[in-house]
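>>> Build the 3D model from these lines:
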Amino acid sequence: VLTEYARVIKKFIRDENLKEFDKTAIAHLLEIAAIFAGQKEKLTTRFSKIADLAREANFWANDDGFDIVTAAHVEKGYNNAINRHGMLESKISEMYDDGTYLLDTEGERVGQINGLAVYSADFYSFGRPTRITSTVSLGSGNIINVEREAGMSGRHYNKGVLIISGYFKETFGQDIPLAFNANLVFEQSYGTVDGDSASCAEIFALLSTLSGLPIKQSLAVTGSLNQKGDVQPIGGVNEKIEGFFELCKTKGLNGNQGVVIPIQNVKELMLKEKIVNAVAEKKFHIYSISRLEDGIEILTGVKAGKKTVDGYEKDTVFDLVERKLKDMYAKSRAIKDEDEKPKKKKTKAK
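Numbering: from 1, shown residues only. Sure, this is the predicted structure:
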């Protein structure tokens, strides 16, 4: 496939009467084709974008006085194209930098987590983190999707929230009814939210709220989830990692920051060299998970906990959650019993 794709590029170069492209230039065009496709093992069929890059690389080779186009010219053309189409990304970055968008990259918070989202521009896609929070109260086991209630969510996102509800009912609702209501919110989100890649982040935030255990704000999370607690792959993994890395770099890398991604997405990683170097130097971290339990342990530093005949292992995340749910159920029953007591009739004095 690579050979055939390279032949297509070579034919275009001849037809356009461009300068000769050396092997490094062709290889870099193939790499960018994989970036546009979003997968390491696939290449984009949007040949017009590759053709535009080849033309621009040819221009920069001319401008620099070279007779042969090299990878450096392709990279220069690619970066300039991103800069021309990068107004949306630069505006969003400015709002993070000046504090308009609230997001932490250090410390710990209960019920708050950094999710990862992808924004699509006309030429390319880019990722940025977003704050997700959860709150709980006494109730009847409903998980309220605020985006849905506000008419700002798509079908796939709504499905993801329902899956979270199913997981909670199977994991914690076998012995007692779930007597809580939960609110999940994408903070400072004013557009439509869709996709289920925030399912893991949302359930981690909810587990944190119920257990009282804080989540490390130095980490960001992406991943889909099924009702059995298995983590599922998502799209745009490279853009999401790069987006959080850029924010952490701006605020200052402290060696604790990183991302949590599905293990199935590891094979798709095509990260920029500066991120690869930061990971190698342990200034930034990439954690891959296959189960929900793996993620909550990384985020809280506390063991998730296994089910025993007497409940979950003591002082684990799931044990703390179960204890909170039992306490909320007891309070709910007490209120219900109080309301059901027959009220004494008041007698008027004659």
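>>> alpha carbons only for contacts and neighbour counts from here, please
Will do.
>>> what sits up against the strand ranked longest in the chain?
As assigned by DSSP state E, the longest strand anywhere in the chain is strand 125-138. Strand 125-138 is contacted from outside by 89, 102-103, 111-120, 179-188, 201-202, 205-206, 209-210, 220, 236, 239-244, 328, 332, using CA atoms under 8 Å, 6 or more residues apart in numbering.
>>> Which of those residues fall in helices?
89, 201-202, 205-206, 209-210, 239-244, 328, 332 (DSSP state H).
>>> Return the closest of those residues with respect to residue 5.
residue 239 (24.1 Å; CA to CA).
>>> wait, doesn't the closest one sit right on residue 118?
Yes: between residue 239 and residue 118 a contact is recorded at 6.8 Å, counting by CA atoms under 8 Å.
>>> who's more crowded, these two?
Neighbours per residue, other CA atoms under 10 Å: of residue 239 and residue 118, the larger number sits with residue 239, 24 against 17.
>>> Please name the residues that touch that one.
With CA under 8 Å, 6+ apart, residue 239 has these contacts: 118, 125-127.
>>> which non-adjacent residue is nearest residue 248?
residue 105 (6.4 Å; CA to CA, 6 or more residues apart in numbering).
>>> where does that neighbour land in three-state SS?
coil (DSSP: H, G, I helix; E, B strand; the rest coil).
>>> How many residues are close by it?
That count, for residue 105 with other CA under 10 Å as the rule, works out to 22.
>>> quick one on the thing from earlier: need the next SSE after the longest strand of the chain, C-terminal direction.
strand 143-145 (DSSP states H and E).
>>> Walk me through which strands that following strand pairs with, and which way each runs.
strand 180-186 (parallel) (DSSP bridges).
>>> List the buried residues of the partner strand.
180, 182-186 (16 or more other CA atoms under 10 Å).
>>> what does that strand contact?
By CA under 8 Å, 6+ apart, strand 180-186 touches 130-147, 202, 206, 325, 328-329.
>>> Mark which of the residues you listed are buried, thanks.
Buried among those by 16+ other CA under 10 Å: 130-136, 138, 141-145, 147, 202, 206, 325, 328-329.
>>> rewinding a little: from the buried residues of strand 180-186, which is closest to residue 316?
Once CA to CA is applied, the member of the buried residues of strand 180-186 that ends up nearest residue 316 is residue 180, at 20.3 Å.
>>> Now do the closest one against residue 62, distance only.
The gap separating residue 180 from residue 62 is 67 Å, by CA to CA, to the nearest Å.
>>> pretty sure residue 213 is in contact with residue 301, am I right?
No: contact criterion CA under 8 Å: residue 213 and residue 301 do not qualify, at 9.3 Å.
>>> re the thing from before, would you reformat the buried residues of strand 180-186 as a markdown table and include distance to residue 26?
Converted to a markdown table, these look like this (distance: CA to CA, whole Å):
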| residue | distance to residue 26 |
| --- | --- |
| 180 | 58 |
| 182 | 53 |
| 183 | 51 |
| 184 | 47 |
| 185 | 45 |
| 186 | 42 |
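>>> between those, which is nearest residue 12?
residue 186 (45.3 Å).
>>> gap between the closest one and residue 335?
32 Å.
>>> go on, residue 54?
71 Å.
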